[in-house]
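1. Sequence and predicted structure, then a few things I'm wondering about:
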Amino acid sequence: MAKIIIPFPFRRYTDSLREVSVETNTLADCIEALIARYPGMNSIQDHPALLSIFINGKQTKEEWNAVSLTHEDEVSLIVPIAGG
């Protein structure tokens, strides 16, 4: 199962869980499984440009269906922040 690290702003949709494991083959499947389990997470699919995705610590900018995952992968969802 791939492990998804949930950023703080989205934990309200995952019952405050910091991480969720899903059975998956691609990043697209991973996101779909996450949304199926936690429907409030659908905003990440609606606005993918507002989210950075890292797999095993390396940022991916590929189309989600083009990224293969294994049961050992860690997917981090990073919400960019602005400051000033």
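-> Arrived safely.
2. elements contacting the strand or helix carrying Ile31?
-> Ile31 belongs to helix 27-37 when assigned by DSSP states H and E. Under the contact criterion of 3 or more Cβ pairs under 8 Å, 6 or more residues apart in numbering; DSSP states H and E, helix 27-37 touches strand 2-5, strand 19-22, helix 43-46. Using the backbone N, CA and C atoms, a C-beta is placed for each residue, glycine as well.
3. got the buried residues for stretch 16-32?
-> Buried residues in stretch 16-32, counted by 16 or more other Cβ atoms under 10 Å: Val20, Val22, Thr24, Thr26, Leu27, Ala28, Asp29, Cys30, Ile31, Glu32.
4. The first one against Met41, yeah?
-> If I follow you right, that is Val20. No. Counting by Cβ atoms under 8 Å, Val20 sits too far from Met41 to count as a contact (9.3 Å).
5. Name the residues contacting each of those two.
-> Taking Cβ atoms under 8 Å, 6 or more residues apart in numbering as the contact rule, Val20 and Met41 both touch Thr14, Leu34.
6. picking that back up, in TSV, list the buried residues of stretch 16-32 along with pLDDT.
-> Below are the buried residues of stretch 16-32 laid out as TSV (pLDDT from 0 to 100):
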residue	pLDDT
Val20	95
Val22	93
Thr24	87
Thr26	94
Leu27	93
Ala28	91
Asp29	92
Cys30	92
Ile31	91
Glu32	92
